[in-house]
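> Quick one: sequence plus predicted model below, questions after.
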Amino acid sequence: MDLKQLQYFKVCAQTGSFSDAAKILYSTQPSVSKVIKGLEDALGIQLFERIPRGIRLTPVGKKVYQYACKITNEMDALEKMASHGMTKWIRISMNPSSWFANQFVDFYNKTSERGYHFQITAAGVRGVMERVRDYMDDIGFVYILSHQMGDFLHELGKNKMEFVIMQETDTILYPGQNTDLYRLKRDRILPDDLEKMRFIQNYQDEFFDIGAVEDSRFKWKNMDISVLTNSDYIMEKMLKNSNVSNISGSYLSENKTGTMLGIPLDPGKSRVCFGYVIHKDEEPEECIQEFLDFLTSRLSE
């Protein structure tokens with residue numbers, strides 16, 4: 001078994017196709033198949049099964065994939081050290097968030113003399129979880145609705161990861177500037193209000209699912225989500241200049257421009273949890289812990 005086999009295996013797993021992997025690897029499909037066959041023979045296990053539209057990992061192949069990602073990512077880190085000296089890279093993934101972006105800028109300025117280098121990736125909850133799981137990132141920050149927490153924690157547990165909550169907030173409605181709620185400056189929401197409104201939300205995935213049904217007076221399934229985006233810049237522009245509204249956490253969304261002060265939905269019941277995803281039983285490196293301490297201090301202000 002060699003590094004080339006692991007690199008080929010990783011690309012095949014990500015593309016779900018030997019032919020697509022060959023294009024990325026500047027190789028041919030027979031050559032890629034031969035490399036994968038050699039890796040399977042070396043390990044004594046079947047890594048892929050054939051399906052009508054390509055290939056998919058076997059159950060044991062999924063476990064090997066996690067190890068392969070960790071090994072190849074560590075090799076990338078070693079190559080960067082060789083070319084740039086002892087540069088320290090901090091790899092972070094996160095849900096789209098203007099609040100988080102502001103904190104990161106402040107942290108960067110505060111620690112600029114220490115020579116840290118950062119890789120920041122925005123993704124949905126599942127994307128963040130998978131990037132941390134596969135050691136592509138050191139830590140991931142996500143927002144989770146309280147009624148989605150059980151499924152989320154179950155998925156993390158299967159992958160030997162954990163979620164550490166840093167802040168809980170009420171779920172808040174932020175009415176856009178061109179809505180009746182904004183113009184009337186109301187301080188409470190009636191059940192019928194949501195059915196008449198259009199919304200802009202950060203893009204959905206399996207866990208942050210606006211379409212989920214909860215037995216409460218606010219029915220998520222009936223929401224008219226007109227815009228899904230991974231850009232807080234687009235969200236703020238839309239809230240300032242259109243008739244869409246947004247539902248998200250209170251404290252962490254305080255910088256939404258073009259809206260009145262947010263209106264709580266089911267105060268104390270429907271919650272948004274902000275925190276980080278990390279591997280179990282692995283202590284954060286000193287620089288990561290420094291960033292966590294910085295965020296904690298900002299959340300307590």
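That came through fine. It should be emphasised that the depicted structure is a prediction, and the values quoted were computed from it without experimental measurement. Numbering: from 1, shown residues only.

> middle-most residue in the chain, spatially?
Val128 (3.1 Å; Cα atoms, centre = their mean).

> Would you report the backbone torsion angles of Arg188?
Backbone torsions of Arg188, given as degrees, to the nearest 10, read phi -150, psi 160.

> picking that back up, ok, how many other residues are close to the closest residue to the residue nearest to the centre of the chain other than its chain neighbours?
Spatial nearest neighbour of Val128, excluding adjacent residues (Cβ to Cβ, 6 or more residues apart in numbering): Gly140 at 3.8 Å. C-beta coordinates here come from the backbone N, C-alpha and C atoms, glycine included. Gly140: 27 surrounding residues under other Cβ atoms under 10 Å.

> Next: Asn109.
When neighbours are defined as other Cβ under 10 Å, Asn109 has 9 of them.

> in what helix or strand does it lie?
According to DSSP states H and E, Asn109 maps onto helix 98-111.

> surely the residue nearest to the centre of the chain meets Tyr143?
No: using Cβ atoms under 8 Å, Val128 makes no contact with Tyr143, being 10.1 Å away.

> follow-up on the earlier one: contacting residues for the residue nearest to the centre of the chain?
Residues near Val128 by Cβ atoms under 8 Å, 6 or more residues apart in numbering: 93-95, 137, 140-142, 277.

> one step back: surely the residue nearest to Val128 and Ile120 touch.
No: using Cβ under 8 Å, Gly140 is not in contact with Ile120; the gap is 10.9 Å.

> tell me, what's touching the two both at once?
Applying Cβ under 8 Å, 6+ apart, one finds that Gly140 and Ile120 are jointly contacted by 92-94.

> closest to Leu181 among the residues you listed?
Using Cβ to Cβ, Met94 is the member of these that lies nearest Leu181, at 29.3 Å.

> how deep is the closest one tucked in, by neighbour count?
20.

> How about it: which residues does it bridge to?
Ala122, Phe141 (DSSP bridges).
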